[in-house]
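K.L.:
For reference, the sequence and a predicted model appear below.
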Amino acid sequence: MARAPLPPGTAGKRYRTHKTTRISADGTPYVSWRAIRYFRYASGETKPIECRGKTEAEAKKRLQARIDELTTSARPTKAAKVKLTAASRVEPVALAYLEKIRRDKRGTTYDRYHSHVHGHIVPRLGQLQLRELDIPTLEDFLEQLAEDGKSGNDGPAPLSANTLRQIRSVLIGLLDLAVRQGALAANPARGLSRIEGGSRKRPRALTGDERYELLDKLDADPIAVAADLPDLLRFLAGTGVRIGEALGLRWCDLNLSDAPATVHDADAGEAKIPPGSMWINGNIVEVSGKGLVRNTGKTFAANRMIGLPGWLVMLLELRHQEVVHSGDGPVFPSEAWGWRWPANTRRAIRGFRERAGFEWMTSHTFRRTVATILDELGLTARQIADYLGHARVSMTQDTYMGRGAVDPAAALALDRALGRRTQGQCSTPPATGATTAPPSTPARESQADTRFV
């Protein structure tokens, strides 16, 4: 039976050594040693590798160093990295998948996947063989996570539906890797049942009265003023940008003048910013091992131009006069004039909202408020999605527009459609002098109030 070939990027275990003795011109004997091992390259070709030394040990040492060098150079080849079979354990597959995510995705995505792999998948499934994974096994795994997936000070706590969907997505990805390498014929994770559930809270936006009350309390709160929240929250309320986008905004991304401005960014390229507008081309995120990183946006739609309300242009002009660093410097910097940590900013907002009696509010509330105002003003869902930088219009409609508010348009439409037929059946006649809305009355009147200051 023929011997199985070496795996690509590896060397044989056996050494061959040869001693050579030569006589120099003056009659002195000269001894040298050759050490030989076979190495299989990533291309599949196997060749002998030879190194020489004055002693056998020296020749072997030099050969081992050369083999280590060849192995390192062959490591980036995908075929030489991980050779998966149906008998492979889940843990090395998961680690190989994480390495792929590290190369291909953003640092924040890698951190999230790393948490799910090491926090849930490897502890519960890591020592199973790939052939042992089937739909019932994976269904049981997700059901167990749903019941007691997270440990806390008060004992195990179930994981949310959104977290379970993320773990399911990671499972699909790592088992797809096994399918692509021929270890599995099909991906059992793709047959898992749909995970139902999610937040039952309706997306809530600030009403006009709540906006005025909030800003009054904001200006009167010395802790919030010290944390530079008044300008930041007004900026969120006037633009609807994400908190990371606001903290990643630089002065060079703003055009507060009356003429177009052309700017160039090393990552986002060149753009022409209209008068009184800003260019959203990055956001600030925290990446493990790197700290704060400014990347190019959450989605492809995040790179966009946004027009600024007149009052916000005035606010930014006044703010620009007070800053020490401009140009590439952040509009909302830290105390050291660097990037501001999103986690610390959210913590400051949470402290203010509790003191102000707005416990339900988050930084995203202003984003929903802007979406609701634009909806009330008659903008289409596509226009609002483009303004907010959403890749999917359904995200804008389902998550960011305030829902459940009383809208008289439906009642007016039904009254016009059915009122004449049912009017004669009313037990109580209309009051004397009562009038109905004329046909030209708009079906929907704007209740938006965009005055934030």
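P.N.:
Here it is on my side, so go on.

K.L.:
So for stretch 285-305, mean pLDDT?
P.N.:
Throughout stretch 285-305, pLDDT has a mean value of 76.

K.L.:
repeat for stretch 230-238
P.N.:
pLDDT averaged over stretch 230-238 gives 92.

K.L.:
any idea how far Leu214 is from Gly208?
P.N.:
When distance is defined by CB to CB, to the nearest Å, Gly208 is 11 Å away from Leu214. Every C-beta, even on glycine, is put in place using the N, C-alpha and C of the backbone.

K.L.:
now swap in Ala4 and tell me
P.N.:
Ala4 is 71 Å from Leu214, by CB to CB.

K.L.:
show me where the stretch 1-150 of the chain has strands.
P.N.:
Along the stretch 1-150 of the chain, counting by DSSP state E, counting those that start in this stretch, strands occupy 10-11, 16-23, 29-40, 46-53, 150-152.

K.L.:
Could you do the stretch 251-400 of the chain as well?
P.N.:
With DSSP E, counting those that start in this stretch as the criterion, the stretch 251-400 of the chain has strands spanning 254-255, 261-265, 269-273, 277-280, 283-287, 291-295, 304-307.

K.L.:
I'd like to know how many residues surround the residue lying closest to Ala86 once chain neighbours are set aside.
P.N.:
Nearest residue to Ala86, sequence neighbours excluded (CB to CB, 6 or more residues apart in numbering): Arg131, at 4.1 Å. Neighbours of Arg131 under the rule other CB atoms under 10 Å: 12.

K.L.:
try Ser115
P.N.:
15.

K.L.:
and if you look at Gly329?
P.N.:
For Gly329, using other CB under 10 Å, the count is 15.

K.L.:
related to what we said a few turns ago, quick check: which of the strands of the stretch 1-150 of the chain is buried the most?
P.N.:
Across these, averaging neighbours per residue (mean count of other CB atoms under 10 Å) puts strand 10-11 on top, at a mean of 18.

K.L.:
Can you give me every residue that contacts Glu359?
P.N.:
Arg353 (CB atoms under 8 Å, 6 or more residues apart in numbering).

K.L.:
Check Thr46 too.
P.N.:
Contacts of Thr46 by CB under 8 Å, 6+ apart are Pro5, Leu6, Tyr38, Phe39, Arg40.

K.L.:
out of Ala4 and Leu214, which sits in the busier spot?
P.N.:
Leu214 (22 against 6).

K.L.:
wait, doesn't the more buried one sit right on Arg355?
P.N.:
No: judged on CB atoms under 8 Å, Leu214 makes no contact with Arg355 at a distance of 11.5 Å.

K.L.:
Tabulate the strands of the stretch 1-150 of the chain (CSV), appending mean pLDDT and distance to Gln144.
P.N.:
What follows is the strands of the stretch 1-150 of the chain, written out as CSV (pLDDT from 0 to 100; distance: least, CB to CB, whole Å):
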stretch, mean pLDDT, distance to Gln144
strand 10-11, 87, 39
strand 16-23, 85, 54
strand 29-40, 88, 43
strand 46-53, 90, 47
strand 150-152, 52, 12
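
K.L.:
and of those strands, who's closest to Lys100?
P.N.:
strand 10-11 (21.4 Å; CB to CB).

K.L.:
ok, residues contacting the closest one?
P.N.:
Taking CB under 8 Å, 6+ apart as the rule, strand 10-11 contacts Arg37, Tyr38, Phe39, Arg40, Ile49, Ile67, Leu70, Thr71, Ala80.

K.L.:
redo that, cut-off 6 Å
P.N.:
Arg37, Phe39, Ile67 (CB atoms under 6 Å, 6 or more residues apart in numbering).

K.L.:
got those as CSV, with distance to Ile284 columns?
P.N.:
Shown next, in CSV, are the contacts of strand 10-11 (distance: CB to CB, whole Å):
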residue, distance to Ile284
Arg37, 51
Phe39, 47
Ile67, 45
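
K.L.:
ok, these vs Ala87, which is closest?
P.N.:
Nearest member of these to Ala87, counting by CB to CB, is Phe39, at 26.0 Å.

K.L.:
residues touching that closest one, list them.
P.N.:
Ala11, Ile49, Leu70.

K.L.:
got any ranges where the stretch 201-350 of the chain has weak pLDDT?
P.N.:
201-203, 289, 297-301, 324-326 (pLDDT under 70).

K.L.:
so can I have TSV of the strands of the stretch 1-150 of the chain showing distance to Pro92?
P.N.:
Rendered in TSV, the data for these read as follows (distance: least, CB to CB, whole Å):
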stretch	distance to Pro92
strand 10-11	16
strand 16-23	32
strand 29-40	21
strand 46-53	25
strand 150-152	25
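
K.L.:
wait, which of these is closest to Thr85?
P.N.:
Closest among the strands of the stretch 1-150 of the chain, using CB to CB: strand 10-11, at 16.2 Å.

K.L.:
Given the closest one, what are its sheet partners and their directions?
P.N.:
strand 29-40 (antiparallel) (DSSP bridges).

K.L.:
quick one: contacts for Leu184?
P.N.:
Leu130, Ala178.

K.L.:
what helix or strand is it on?
P.N.:
For Leu184, there is no helix or strand it lies in under DSSP states H and E.

K.L.:
any idea how far it is from Thr369?
P.N.:
Distance from Leu184 to Thr369, by CB to CB: 48 Å.

K.L.:
just to revisit the earlier point, nearest to Ser193, of the strands of the stretch 251-400 of the chain?
P.N.:
Nearest of the strands of the stretch 251-400 of the chain (CB to CB): strand 283-287, 32.7 Å.

K.L.:
quick one: contacts of that closest one?
P.N.:
For strand 283-287, using CB under 6 Å, 6+ apart, the contacting residues are Gly107, Thr108, Gly244, Glu245, Leu247, Gly248, Leu292, Val293, Arg294, Trp339, Pro342.
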